[in-house]
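Engineer: Below: sequence and its predicted model.
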Amino acid sequence: DTEVTQTPKHLVMGMTNKKSLKCEQHMGHRAMYWYKQKAKKPPELMFVYSYEKLSINESVPSRFSPECPNSSLLNLHLHALQPEDSALYLCASSPLGGANTGELFFGEGSRLTVL
Amino acid sequence: QKEVEQNSGPLSVPEGAIASLNCTYSDRGSQSFFWYRQYSGKSPELIMSIYSNGDKEDGRFTAQLNKASQYVSLLIRDSQPSDSATYLCAANQGGKLIFGQGTELSVKP
């Protein structure tokens, strides 16, 4: 099993809603990532978890709250989002350490629309 | 933040030709480099990684790295219409993967 699975694939939410994006991998990778991608732009790093601990937060607004319950799962909790937060949210995992950090396996993404 | 730069394209090549995609990076500390392919509406997929100066070949793909010139390239031989996608160059900088803007490749039958 070499997949990273993300749910939901599509999400529409209002600015007052609370929702969560979920990501799961069973490759034994100990690094997991959240990226945000707007149309015609490259993926933009949001958060990195290493061994279930948050290691990088790219100054992401607090309305995005990551959580890593265990080595296979990664969540992104969303609250009071703005329309400009509409984007494709990509989860990825990788082996940890050395030059392998960069060999990312991406999920299919969750396409978020904020009304 | 250190940058990774690519021509956005689009780059158009005829079927069967060699497609050449180029990338430069500004952080001399970067040691590992990657090429990802992203089809429209899909997520990025790793196609090549390169860590040492020189060439690395995998099937129709060849990655080239020149650390002195801070230059990475990807050659696609015998290009096929199915190679039409955006190709993202990325560099590992301090444990973060930094992507270039991507080059859109179109292979015409």
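Structural biologist: That came in fine, so what should we check first? Numbering: from 1, shown residues only, chains lettered A, B, ... in the order given.

Engineer: Where does pLDDT dip in chain B?
Structural biologist: Of all residues in chain B, those with pLDDT under 70 make up the ranges B:1-2.

Engineer: interface residues of it facing chain A?
Structural biologist: B:31-34, B:36, B:42-46, B:49, B:51, B:88, B:90-92, B:95-102 (CB under 8 Å from any CB of the partner chain). Placement of C-beta: from N, CA and C, glycine included.

Engineer: Name the residues that touch the strand ranked longest in chain B?
Structural biologist: The strand that spans the most residues within chain B, counting by DSSP state E, is strand B:85-93. With contacts defined as CB atoms under 8 Å, 6 or more residues apart in numbering or on different chains, strand B:85-93 is touched by A:42-43, A:99, A:101-102, B:2, B:4, B:6, B:21, B:23, B:25, B:27, B:29-40, B:44, B:72, B:74, B:97-100, B:102-105.

Engineer: Just the buried residues out of those residues, in PyMOL syntax.
Structural biologist: Here the buried members of the contacts of strand B:85-93 are turned into a PyMOL selection, burial being counted by 16 or more other CB atoms under 10 Å in any protein chain shown:
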select buried, (chain A and resi 42+43+99+101+102) or (chain B and resi 4+6+21+23+25+27+30+32+33+34+35+36+37+38+44+72+74+97+98+99+100+102+103+104+105)
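
Engineer: before we move on, back to that, quick check: what element follows the longest strand of chain B along the chain?
Structural biologist: Counting by DSSP states H and E, the element after strand B:85-93 in chain order, helix or strand, is strand B:96-99.

Engineer: okay, that following strand in CSV with CA atoms only?
Structural biologist: Provided in CSV are the C-alpha atoms of strand B:96-99 (Å, rounded to 0.1, in the frame of the first residue of the first chain):
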residue,chain,number,x,y,z
LYS,B,96,11.8,22.2,3.8
LEU,B,97,10.9,21.3,0.2
ILE,B,98,10.8,24.5,-1.8
PHE,B,99,9.0,24.4,-5.2
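
Engineer: which helices and strands sit right next to that strand?
Structural biologist: Here strand B:96-99 touches strand A:44-50, strand B:85-93, going by 3 or more CB pairs under 8 Å, 6 or more residues apart in numbering or on different chains; DSSP states H and E.

Engineer: What strands line up against the longest strand of chain B, and which way round?
Structural biologist: strand B:33-38 (antiparallel), strand B:96-99 (antiparallel), strand B:103-108 (antiparallel) (DSSP bridges).

Engineer: Mind putting these into TSV with distance to residue A:62?
Structural biologist: Putting the strands paired with strand B:85-93 into TSV (distance: least, CB to CB, whole Å) gives the following:
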stretch	distance to residue A:62
strand B:33-38	29
strand B:96-99	21
strand B:103-108	35
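
Engineer: hey, what's the residue most central in space within chain A bridged with?
Structural biologist: Within chain A, the residue whose C-alpha comes closest to the C-alpha centroid is residue A:34; the distance, by CA atoms, centre = their mean, is 2.7 Å. For residue A:34, the beta-bridge partners under DSSP bridges are residue A:47, residue A:91.

Engineer: just checking, it touches residue A:87?
Structural biologist: No. With contact defined as CB atoms under 8 Å, residue A:34 does not count as touching residue A:87 (11.2 Å).
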